[in-house]
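*Asks:* Quick one, structure for this:
(2 chains)
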Amino acid sequence: MTEPLLSVRGLRKRFGGLVATDGVDLDVRDGEIHALIGPNGAGKTTLITQLFGELTHDEGAILLKGEEIGSLPTVQRVRRGLGRTFQITQLLPDFTMLDNVALAVQANGGHSFRFFANARRDKDLRARARQHLATAGLSHRAEVKVADLSHGEQKQLEFAIALASEPRLLLLDEPMAGLGHAESEQMVAMLSALKGRVTMLLVEHDMDAVFALADRISVLVYGRVIATGTAEEIRDNPEVRTAYLGEGDA
Amino acid sequence: MSDSTTTDQTLNPAAPAAPAYGRSLALLALAVALIALPFFVQAIGQPALVPLATRVLIYAIAAASLNLALGFGGMVSFGHAAFFGIGGYVVGILYRTMVDDTLFLGFIPGTDQLLITLPAALLIGGLFACVIGALSLRTSGVQFIMITLAFAQMLFFLFVSLKAYGGDDGLTIRRRNALFSFNTRDDITFYFICLVIAALVFLALWRIVGSRFGMVLAGIRQNERRMAAIGIAPYRYKLAAFVISGMGAGLAGALMANYLRFVSPDMLHWTKSGELMIMVILGGVGTLLGPLLGAAALVVLETVLTGWTEHWQIVLGPILLLVVLFTQGGLNGLLGRLGLGARHD
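*Replies:* Below is the predicted model:
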């Protein structure tokens, strides 16, 4: 097996007495969709936030393509190919969808110390932003202000913005949370269409979506990865069944 | 694609049609009015209104500059009087140095040439903004407000204690700076100098706000976390905007020193920072022409109300309150809803 795209070793994070991340080891292979599941409070979002550099870990290593990125600020990690979506959407509410995505395209294309030309009339920028909106199925709403969007549309926009940064590895923090059934299906279709082109670490509670999408699954319980494997392996793992899938519950 | 306008507009609902047209028309009307103003007020026998309008233009430059940081960048600077005052002192000190035939700091000769003093004020204003901004922008929110205020007050007290340059009493500039062979002492000539400079400043701000830099700045105002996630480190962009903002305020200060032929620590006082903020808020935070409207409103209000009572701020307070509570975007927003507005961005 070649070197994994993302390799996490012994990651640890404490908040006072609470150990939120307790020695996590995790490998994400190039091209796969790797799902990260676990009960509420298992530390999934905390882990994503540390991988993205918005929270600093106490111990351990984070390697992207073999390079230690654990001490870099978020912006540097983004430049090295990391992207994320937020469970609680982080958007620019006064801007239209197109503006939101165009700004990400612009950021991906180098510095923005350009003071004269009108950015909204930059054909290349707008065209590429429209492409990403189309990928996310949002073309028809391009000119709508974010503040006027539905929750589902905002989630999809999160995704379109993340794509515009052209990440090597995309960290998806509960992209289906709060979506209706139809919207969820649409999101699953979108993610599976991108499979292979973008490597994804997917945190998700929707098990149907996880089993439909993931090449491999890791189970996080109390800040610790208790199992990693294919969907079948995880389903049949007795430890996972007791700890998480709720033996007898379903 | 454009042969059928109806389908084109349904496909692209944001296609600017009537509003853009009305806006250009309103802008044209404003330009004509500003150019005709000195001749008009002379014709109606009120030549004293020309200096008043000049003051509006100068404050408009300062307020519009502050608005780049405050309105577009979300940096609530309570210390912009520092840059305004510094700009004034650049003119004052260069003039004094020239008259005394000495060298400022031992190597800078004095001058009374507007073509030198204005760029100098721009530069020095930007330099101070760079230092103050570099430190202040490590904080945000209330801390940022207080630290910019603190820096401005430090400079205020520095100039109060600088006896060589008049201290408390300020510096008198006996003649306005010279520009080619114009008679800058003439009110109408000086008005037009200020009008041209104000037009250039507003033009520059208009380009900046719509540029890639402007988009990033507006993004940072809305959500810094989002900006970091797309790979933009906010600090450098905020600092650049703060410096540009300080440069504009410095330029306005230099014009004000020329206008008054006097500069004193009053120009750096925190109440001056407050006045600039009031202009921005009155006119419309984060709008292009708002600061011009706000400056006009405040200067005219002050002039009219001081005619009635020296406690004119008693009336100003409620007016400001009404504007903030009910206009949704200051005077600019109000005009916008009457169909005349400059765009709300």
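*Asks:* Every contact and neighbour count from this point should use C-alpha atoms.
*Replies:* Will do.
*Asks:* Tell me who's in contact with the residue positioned nearest the centre of chain B.
*Replies:* For chain B, the residue nearest the mean C-alpha position is B:Ala62 (1.7 Å; CA atoms, centre = their mean). By CA atoms under 8 Å, 6 or more residues apart in numbering or on different chains, B:Ala62 lies in contact with B:Phe84, B:Gly248, B:Ala249, B:Gly250, B:Leu251, B:Ala252, B:Gly253, B:Leu276.
*Asks:* Which one of those residues sits in the busiest neighbourhood?
*Replies:* Sorting the contacts of B:Ala62 by how many neighbours each has (other CA atoms under 10 Å in any protein chain shown) puts B:Gly250 first, at 38 neighbours.
*Asks:* Surely that residue is in contact with B:His80?
*Replies:* No. With contacts defined as CA atoms under 8 Å, B:Gly250 does not count as touching B:His80, sitting 9.1 Å away.
*Asks:* Thought B:Ile93 was touching B:Ile173, still the case?
*Replies:* No. Using CA under 8 Å as the test, B:Ile173 is too far from B:Ile93 to be in contact (9.1 Å).
*Asks:* Look up the closest residue to A:Asp27, ignoring the ones flanking it.
*Replies:* Nearest residue to A:Asp27, sequence neighbours excluded (CA to CA, 6 or more residues apart in numbering or on different chains): A:Ser7, at 4.6 Å.
*Asks:* What are the buried residues along the helix or strand hosting the one you found?
*Replies:* According to DSSP states H and E, A:Ser7 maps onto strand A:6-15. Going by neighbour count (16 or more other CA atoms under 10 Å in any protein chain shown), the buried part of strand A:6-15 is A:Leu6, A:Ser7, A:Val8, A:Arg9, A:Leu11, A:Arg12, A:Lys13.
*Asks:* and the helix or strand that it is followed by, which strands flank it?
*Replies:* Counting by DSSP H and E, the element after strand A:6-15 in chain order, helix or strand, is strand A:18-28. Applying DSSP bridges to the sheet, strand A:18-28 is found paired with strand A:6-15 (antiparallel).
*Asks:* What are the contacting residues of the partner strand?
*Replies:* By CA under 8 Å, 6+ apart, the residues outside strand A:6-15 that reach it are A:19-29, A:57-66, A:169.
*Asks:* Quick one: buried ones out of those?
*Replies:* A:20-29, A:57, A:59, A:61-65, A:169.
*Asks:* about what we covered before: tabulate the buried residues of strand A:6-15 (TSV), appending distance to B:Phe213 and pLDDT.
*Replies:* Shown next, in TSV, are the buried residues of strand A:6-15 (distance: CA to CA, whole Å; pLDDT from 0 to 100):
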residue	distance to B:Phe213	pLDDT
A:Leu6	33	95
A:Ser7	36	94
A:Val8	36	94
A:Arg9	39	94
A:Leu11	37	94
A:Arg12	38	93
A:Lys13	37	93
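*Asks:* Tabulate the residues you listed (TSV), appending distance to B:His269.
*Replies:* Shown next, in TSV, are the buried residues of strand A:6-15 (distance: CA to CA, whole Å):
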residue	distance to B:His269
A:Leu6	55
A:Ser7	56
A:Val8	55
A:Arg9	56
A:Leu11	52
A:Arg12	51
A:Lys13	48
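*Asks:* Touching, B:Ile208 and A:Phe115? I think so.
*Replies:* Yes. Look at B:Ile208 against A:Phe115 with CA under 8 Å: they come within range, at 4.9 Å.
*Asks:* shared neighbours, these two?
*Replies:* B:Gly214.
*Asks:* So the two - more neighbours on which side?
*Replies:* Shown here are B:Ile208 and A:Phe115; by other CA under 10 Å, B:Ile208 has more neighbours (24 against 19).
*Asks:* Please consider this matter closed, and thank you.
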